[in-house]
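>>> sequence first, predicted coordinates after that:
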Amino acid sequence: MAKIKGNIASTVKALIKDTVETLGYVIWDVEYVKDGPYWYLRITIDQDEGIDIDDCEKVHRAIDPIIDAADPIEDFYYLEVSSPGVERELKEPWHRACFMGKRVNAKLFAAVDGQKNYTGELTASDDETITLLMNDKTQKTLRLKDVSKLSAYYDYESQEQ
């Protein structure tokens with residue numbers, strides 16, 4: 001395969017999607033990022049029962065030869081397969097749909113109404129906005145273009161999501 005100059009993450013996701021799903025997992029995210037001096041191809045997988053190290057190893061062993069055969073990445077990189085974790089980032093519309101009615105944390109690029117962080121129950125989401133039900137029972141609608149990171153909320157003290 002010719003080396004990809006466009007979106008490597010999308011290309012890799014298309015290459016491995018069927019294999020990952022056949023193994024019983026969903027691809028939560030694919031990133032091709034530079035971290036320090038190194039490039040990483042990070043595949044994040046999930047399933048209803050959660051993910052452990054054995055799941056990551058199984059997927060890694062299955063997708064590594066597929067990616068190697070297609071050879072879509074010109075540079076040296078490290079392949080990582082992991083779980084999205086309890087405070088997973090919610091990047092895609094379907095991620096937000098999975099967390100509808102659950103608590104999320106929205107970090108903003110700049111303060112809105114004097115705050116840069118909002119935590120509340122995700123009650124609505126579309127292509128442009130999310131709406132959170134705050135603890136005081138008010139609704140807060142935020143524009144997605146103002147949100148730097150939207151993630152699942154996990155209360156470590158009470159261990160509640």
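Structure's in. What do you need?
>>> next up, phi/psi of I16, please.
The phi/psi pair for I16 (degrees, to the nearest 10) reads phi -100, psi -10.
>>> tell me where the chain has strands.
With DSSP state E as the criterion, the chain has strands at 26-35, 38-46, 78-82, 103-112, 115-125, 129-133, 139-143, 147-152.
>>> please name the bridge partners of the closest residue to K149 other than its chain neighbours.
In this structure, K149 finds its nearest non-sequential neighbour in K107, 4.5 Å apart by CB to CB, 6 or more residues apart in numbering. The C-beta positions use only the backbone N, C-alpha and C, and glycine is treated the same way. Using DSSP bridges, the bridge partners assigned to K107 are N117, K149.
>>> what's the single longest helix in this structure?
helix 53-70 (DSSP state H).
>>> pLDDT (mean, whole number) over it?
Averaged across helix 53-70, the pLDDT comes to 97.
>>> next one: stretch 122-133
Averaging pLDDT along stretch 122-133 gives 97.
>>> between strand 38-46 and the longest helix of the chain, find me the angle.
Using axes from the mean of the first three to the mean of the last three CA atoms, to 10 degrees, the inter-axis angle of helix 53-70 relative to strand 38-46 is 120 degrees.
>>> and helix 53-70 with strand 26-35, angle?
If you take the same axes, to 10 degrees, helix 53-70 sits at 70 degrees to strand 26-35.
>>> what residues sit buried inside helix 53-70?
For helix 53-70, burial by neighbour count (16 or more other CB atoms under 10 Å) applies to D55, C56, K58, V59, A62, I63, I67.
>>> helices and strands around it, which ones?
Applying 3 or more CB pairs under 8 Å, 6 or more residues apart in numbering; DSSP states H and E, we find helix 53-70 packed against helix 8-22, strand 38-46, strand 78-82.
>>> would you reformat the ones you listed as CSV and include mean neighbour count and mean pLDDT?
Formatted as CSV, the helices and strands packed on helix 53-70 follow (neighbours: other CB atoms under 10 Å; pLDDT from 0 to 100):
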stretch, mean neighbour count, mean pLDDT
helix 8-22, 16, 97
strand 38-46, 19, 97
strand 78-82, 16, 98
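>>> re the thing from before, how about JSON lines for the buried residues of helix 53-70, with distance to C98 added?
Converted to JSON lines, those look like this (distance: CB to CB, whole Å):
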{"residue": "D55", "distance to C98": "18"}
{"residue": "C56", "distance to C98": "20"}
{"residue": "K58", "distance to C98": "23"}
{"residue": "V59", "distance to C98": "20"}
{"residue": "A62", "distance to C98": "24"}
{"residue": "I63", "distance to C98": "23"}
{"residue": "I67", "distance to C98": "26"}
